[in-house]
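# got a predicted structure here, sequence first:
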Amino acid sequence: MNSYQITAWCHHFISDHVKEGDLCIDATMGKGNDTELLCRLVKDSGHVHAFDIQQAALSYTKKRLEDSNLLSRCSLHLASHTQMNQYCKPQSVSCIVFNFGYLPCFDHTIATCPKTSVAAVKTGLTLLRKNGLMSLCIYSGGDTGFAERDALLSLLKSLDPKAYLVIVSEYYNRPNHPPIPAFIFKL
């Protein structure tokens, strides 16, 4: 791992977990960084569902995957991450990836929010198979970031320790509310 950015840190664990043939979800598509990684990991025999409510995210990601010859491994959905269960069956998903906040370089007033993010994580937990991984990049700040961070951390702390292992890390010596990487493993 060459970088200590939150996405690189999360990709380290995701890459170790996802195998060829897996079914995965990028719950917050954005610019397709996580979608592309998942598509590469699942190979031709696997599949990725990616979600975003912004057409700009879907268009950007579609072009990225076309340029990388990976689009056939993915279904892109212009839909909320709360709707993942309409596309995947319970206990069928190996890995779900979230990057909360807003789409970089686009409209920052369109961002994830506490209510839908908590609902999406709960929905995702029903879709994860045994030994499945959920990766969460939690950003704070902005209009809803602190409320969203607090709601997500509260949810993570409340998860049944017999059903889930939750690991929350932090960039302890960085100023200005650094992002929080968190991982949920379904036992």
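Now that the structure is in, tell me what you want to look at. This structure is a prediction, so every number in the text was calculated from the model and none was measured. Numbering: from 1, shown residues only.

# separation between the residue nearest to I53 when sequence neighbours are not counted and F51?
Spatial nearest neighbour of I53, excluding adjacent residues (C-beta to C-beta, 6 or more residues apart in numbering): S80 at 5.6 Å. All C-beta spots, glycine's among them, are computed from the backbone N, C-alpha and C. For S80, the distance to F51 (C-beta to C-beta, to the nearest Å) stands at 7 Å.

# which one of these two is surrounded by more residues?
Each of S80 and F51 has its neighbours counted (other C-beta atoms under 10 Å); F51 has more, 25 against 16.

# now do the same for C10: its pLDDT.
Listed pLDDT for C10 reads 88.

# contacting residues for it?
By C-beta atoms under 8 Å, 6 or more residues apart in numbering, the contact set of C10 is V97, S135, C137, P181, F183.

# for C95, same thing?
Contacts of C95 by C-beta under 8 Å, 6+ apart are I14, H17, V18, D22, C24, I25, L38, G132, L133, M134, S135.

# closest to S154 among those?
Nearest to S154 out of those is M134 (C-beta to C-beta; 16.0 Å).

# residues of stretch 11-28 that come out buried?
Buried residues in stretch 11-28, counted by 16 or more other C-beta atoms under 10 Å: H11, F13, I14, H17, V18, D22, L23, C24, I25, D26, A27, T28.

# so which of the residues you listed is the closest to Y172?
F13 (18.6 Å).

# quick one, strands of the chain?
Along the chain, the stretches classed as strands by DSSP state E are 23-26, 47-52, 74-78, 93-99, 128-138, 164-168, 180-186.

# direction included, what does the first one pair up with?
Based on DSSP bridges, the strands next to strand 23-26 in the sheet, each with its direction, are strand 47-52 (parallel), strand 93-99 (parallel).

# with the third one instead?
Partner strands and pairing direction for strand 74-78 (DSSP bridges) are strand 47-52 (parallel).

# what's T7 in contact with, if anything?
Contacts of T7 by C-beta under 8 Å, 6+ apart are N33, D34, N99, C137.

# for those, which single residue is the most surrounded?
Neighbour-wise, these (other C-beta under 10 Å) top out at D34, 28 neighbours.

# what's the end-to-end length of stretch 169-181?
6 Å (C-alpha to C-alpha, to the nearest Å).

# contacts only, for I6.
Counting by C-beta under 8 Å, 6+ apart, I6 has contacts C137, Y171, P178, P179, I180, P181.

# which of the strands of the chain is buried the deepest?
Mean neighbours per residue, mean count of other C-beta atoms under 10 Å, is largest over those for strand 23-26, with a mean of 28.
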